[in-house]
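>>> with the sequence up front, the predicted model follows.
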Amino acid sequence: MSRFYIKPADVKGNEILVSGDEAHHIVNVMRLSVGSEIAAFDGTGKEYLGMVSAIEKQTVKISVSNVREVNLEKKLHVTLMQGLPKRETMDIVVQKTTELGVDEIIPVPVERTVVLWDADKARQKVSHWRNIAIAASKQCGRTIIPQIRPVTKFDAALKELKNYDLCVMACLYKDAIPLKNAVAGFRGKKILAMIGPEGDFSPKEISAAKAAGAKLVSFGELVLRVDTAAIFILSVLNYESNI
């Protein structure tokens, strides 16, 4: 059964009115027609089952037969603070960590970030990443879409460390401990994982994060690409928390 994303405001009683890109996807990409069965989720945990009842010029109407609360989300809340990488690497980070259950992503420009944007460009990028998170959630069956936070300065992001039960910063630092040691026996609910851009965090940033309460962690002897590192840490956290 085809699965689509809708906004809560699209639901009108027992009918859903789908417009924009999703309507285009239903009609022109998936080639669904009146009578086709369909599933939709609104990003808040609700999933709607129904049937296409009408296709108008710019709107697809869905007759809802069943509404259910689908809780496929994990108990552990993971926020990824990602130092902005080059090119389209951030797209991969958002897509794959969404599939692995990340709850929030905070994009952070740091000292070794190569490309910096003005405010308008940053907002465009965040909107683009949110669309990637929606698409990845559709594909993997998530019912809650991870939050993509606005691009945030590193110093401001560090102030949030106090809101987490555990904060880990992956870095190439001689005193970093193995990730498995940092998370062993963890029984809290909120983890902040910090991943740097190409070239790692700077010594100044590492010192600031450590002073703010972050544990410096190592992923082993091999140096991982930015997107691989993000996938690795989400995978380890999922495993260690028995999710």
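Done, it's in. Residues are numbered from 1 along each chain as shown.
>>> what are the buried residues along the longest helix belonging to the chain?
Determined from DSSP state H, the single longest helix within the chain is helix 119-140. Neighbour-count burial for helix 119-140, counted by 16 or more other Cβ atoms under 10 Å, picks out 122, 125-126, 129-130, 132-138. Heads up, the C-betas are built off the backbone N, CA and C, glycines and all.
>>> columns pLDDT and distance to Ala193 on top of these, output as JSON lines?
Formatted as JSON lines, the buried residues of helix 119-140 follow (pLDDT from 0 to 100; distance: Cβ to Cβ, whole Å):
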{"residue": "Ala122", "pLDDT": "93", "distance to Ala193": "22"}
{"residue": "Lys125", "pLDDT": "95", "distance to Ala193": "21"}
{"residue": "Val126", "pLDDT": "96", "distance to Ala193": "19"}
{"residue": "Trp129", "pLDDT": "97", "distance to Ala193": "17"}
{"residue": "Arg130", "pLDDT": "95", "distance to Ala193": "20"}
{"residue": "Ile132", "pLDDT": "96", "distance to Ala193": "19"}
{"residue": "Ala133", "pLDDT": "96", "distance to Ala193": "17"}
{"residue": "Ile134", "pLDDT": "94", "distance to Ala193": "22"}
{"residue": "Ala135", "pLDDT": "93", "distance to Ala193": "22"}
{"residue": "Ala136", "pLDDT": "94", "distance to Ala193": "18"}
{"residue": "Ser137", "pLDDT": "92", "distance to Ala193": "19"}
{"residue": "Lys138", "pLDDT": "90", "distance to Ala193": "24"}
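>>> with distance to Leu158 added, can I get the residues you listed in JSON lines?
Below are the buried residues of helix 119-140 laid out as JSON lines (distance: Cβ to Cβ, whole Å):
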{"residue": "Ala122", "distance to Leu158": "19"}
{"residue": "Lys125", "distance to Leu158": "21"}
{"residue": "Val126", "distance to Leu158": "20"}
{"residue": "Trp129", "distance to Leu158": "21"}
{"residue": "Arg130", "distance to Leu158": "24"}
{"residue": "Ile132", "distance to Leu158": "26"}
{"residue": "Ala133", "distance to Leu158": "24"}
{"residue": "Ile134", "distance to Leu158": "29"}
{"residue": "Ala135", "distance to Leu158": "31"}
{"residue": "Ala136", "distance to Leu158": "28"}
{"residue": "Ser137", "distance to Leu158": "29"}
{"residue": "Lys138", "distance to Leu158": "33"}
